[in-house]
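A.B. asks: Below is the structure, and that's it, no one-letter string:
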RNA sequence: GGAGAGGUGGCCGAGCGGUCGAAGGCGCUUGACUCGAAAUCAAGUGUGGGUUCGCCCACCGUGGGUUCGAAUCCCACCCUCUCCGCCA
């Protein structure tokens, strides 16, 4: 959520910066509603003040006397007025929320202009494309041939876009998650956190998925939501909290399954593991002081990159343009891994600085040493990495002519020493 | 799932219809005392909102209700604890 007061101070500036994302939002109604809200608060406060004055009079008045009766009648009207104004205020705030909660974050000044993926700026490239003396296959063909990826079984027991892993490939998923967590906790200073895979609607609102992207989520009949990413559970861990300055920065690494309905995503990546309703991911979350978030995004991106480097996978870092930025992000670096089977770079990690956008929604604050009032923290998140897509990358990059797949060295200790999946 | 107890400020804990944003204690901050520290004494110490920057208003798990008036009474929900049942 954006600061409405800030918007009111500079509507044109906000309109301009938000327009970089594509849609031009109507901010006038928002500003008008906020003004009305404030007027109603003043009205209500004045009425409540009158009420407490009358109440003071009643305390001392003779309960049988005429004075008491007069006060009581006065209180009756004031109470009715209070109720009326409060209802109006509630309705106004509901309207205000409806608008404010669906406004996306403002892109950082450094974000490149553009309207689509095609306008993203490649910042750096690591490693080189592997060469093959045969035609490299797509991961689904490799996995199926190895008997390790069973798409038909997934479709049977659950439905489309669910996959069953078997044998060495099932273990590969598990090995990757362990490898990633060990790297981040052992070398990058993260605390490992294992969270529930179900969260409540407040958490979804806190990180920005609700209300705008409600259709993308799987919801249970108990009113809980399957997490689309551990970003939700990890960031909301500190919802409605005031942190001590010494507690920052906070760095969490969490593994979860992630669930996405991919509503509207049908037709894209229908084959293979790229776009599933359920996948595993190791997520990295930072909570930092505002002046530290830019640096933290660089660090977080580096931590995600370290996984790809450790696995020897060729990738590039892309600075998302304004039009391609996610809802809550002010700046995002995507990591795109090279997939020989598709002859393309594909996203395997997305690292974002949300600044105070999520913190304002989720009320995550800290006691800044030089400030009287608690200040909003900045939140960041990034995949470190999407595990399923990492399996894809390994299958396609480490495949051999005979259909076997070499296990990257870093993973072998997690695979019981296995060197070749055949 | 059943029975019972309970949710109050950073923590503990009073409060049982008006004088309660809320006693008391702990913690923390500042000052006094001291060479310094401890002890002691004194003062301060929640969050959010509005503001004509004097102040004003709201918040006692959440949401409703009763009442002139609710932390206090009623209803629903959420959460915690104890016991029973079921279960990986």
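C.D. replies: Thanks, I have the structure now. For clarity, every value in this text was computed on a predicted model and none was experimentally measured.
A.B. asks: Which positions in chain A make contact with RNA strand B?
C.D. replies: A:5, A:38, A:41-42, A:44-46, A:48-49, A:51-52, A:55, A:58-59, A:63, A:71-72, A:75-76, A:79, A:90, A:242, A:365, A:373-374 (C-beta under 7 Å from any atom of the strand). Any C-beta I mention is one placed from the backbone N, CA and C, and that applies to glycine too.
A.B. asks: Which members of these occur in strands, if any?
C.D. replies: A:242, A:365 (DSSP state E).
A.B. asks: now the residues of chain A next to RNA strand B: which count as buried?
C.D. replies: A:44, A:48, A:51, A:71, A:75, A:365 (16 or more other C-beta atoms under 10 Å).
A.B. asks: Can you tell me which of the residues you listed end up in helices?
C.D. replies: A:44, A:48, A:51, A:71, A:75 (DSSP state H).
A.B. asks: show me what contacts the second one?
C.D. replies: Taking C-beta atoms under 8 Å, 6 or more residues apart in numbering as the contact definition, residue A:48 lies against residue A:82.
A.B. asks: Please tell me how far it sits from residue A:114.
C.D. replies: 51 Å (C-beta to C-beta, to the nearest Å).
A.B. asks: Same question for residue A:36.
C.D. replies: Counting by C-beta to C-beta, the gap from residue A:36 to residue A:114 is 37 Å.
A.B. asks: Excluding sequence neighbours, find me the nearest residue to the residue of chain A found nearest RNA strand B.
C.D. replies: Nearest to RNA strand B, among the residues of chain A, is residue A:75, at 2.6 Å (C-beta to the nearest atom of the strand). Distances taken as C-beta to C-beta, 6 or more residues apart in numbering put residue A:54 closest to residue A:75, at 5.1 Å, once the chain neighbours are dropped.
A.B. asks: hang on, the one you found packs against residue A:76?
C.D. replies: No: with contact defined as C-beta atoms under 8 Å, residue A:54 and residue A:76 do not form a contacting pair (9.9 Å).
A.B. asks: what about the residue nearest to the spatial centre of chain A, which SS state?
C.D. replies: Chain A has residue A:231 as the residue nearest its centroid, 4.9 Å off, counting by C-alpha atoms, centre = their mean. Look at residue A:231: counting by DSSP: H, G, I helix; E, B strand; the rest coil, its state is helix.
A.B. asks: Residue A:380: what secondary structure?
C.D. replies: Residue A:380 - assigned by three-state DSSP - is strand.
A.B. asks: Could I get the contacting residues of the closest residue to it other than its chain neighbours?
C.D. replies: Residue nearest to residue A:380 in three dimensions, not counting chain neighbours: residue A:286, with 4.2 Å by C-beta to C-beta, 6+ apart. Residue A:286 sits next to A:249-252, A:293, A:296, A:299-300, A:379-381 when contact means C-beta under 8 Å, 6+ apart.
A.B. asks: How far off centre is stretch A:338-347?
C.D. replies: Relative to the chain's own centre, stretch A:338-347 is displaced by 25 Å; criterion: C-alpha atoms, centre = their mean, to the nearest Å.
A.B. asks: what's next to it, contact-wise?
C.D. replies: So stretch A:338-347 is in contact with A:127, A:129-130, A:132, A:136-139, A:141-142, A:274, A:313-316, A:334-337, A:389, A:392-393, A:395-397, A:399, going by C-beta under 8 Å, 6+ apart.
A.B. asks: quick check, residue A:15 in a strand?
C.D. replies: No: if the criterion is three-state DSSP, then residue A:15 is helix and not within a strand.
A.B. asks: how about the closest residue to it other than its chain neighbours, phi and psi?
C.D. replies: Nearest-residue entry for residue A:15: residue A:27, 5.8 Å, with adjacent residues in sequence omitted and distances by C-beta to C-beta, 6+ apart. Main-chain dihedrals, residue A:27, degrees, to the nearest 10: phi -90, psi -20.
A.B. asks: Against residue A:376, how distant is residue A:294?
C.D. replies: 16 Å.
A.B. asks: I should have written residue A:202 there, sorry.
C.D. replies: Distance from residue A:202 to residue A:376, by C-beta to C-beta: 17 Å.
A.B. asks: If you count surrounding residues, which of these two has more?
C.D. replies: residue A:376 (20 against 13; other C-beta atoms under 10 Å).
A.B. asks: Tell me the one among the buried ones among the residues of chain A next to RNA strand B nearest to residue A:220.
C.D. replies: Within those, the smallest distance to residue A:220 is 30.8 Å, found for residue A:365 (C-beta to C-beta).
A.B. asks: Would you enumerate the residues in contact with the nearest residue to that closest one once chain neighbours are set aside?
C.D. replies: Counting by C-beta to C-beta, 6+ apart, residue A:374 is the residue found nearest to residue A:365 once chain neighbours are left out, at 3.8 Å. Residue A:374 makes contacts with A:242, A:365-368, as judged by C-beta under 8 Å, 6+ apart.
A.B. asks: Remind me what the helix or strand where residue A:94 lies packs against, helices and strands.
C.D. replies: For residue A:94, the host element (DSSP states H and E) is helix A:66-100. Here helix A:66-100 touches helix A:28-60, going by 3 or more C-beta pairs under 8 Å, 6 or more residues apart in numbering; DSSP states H and E.
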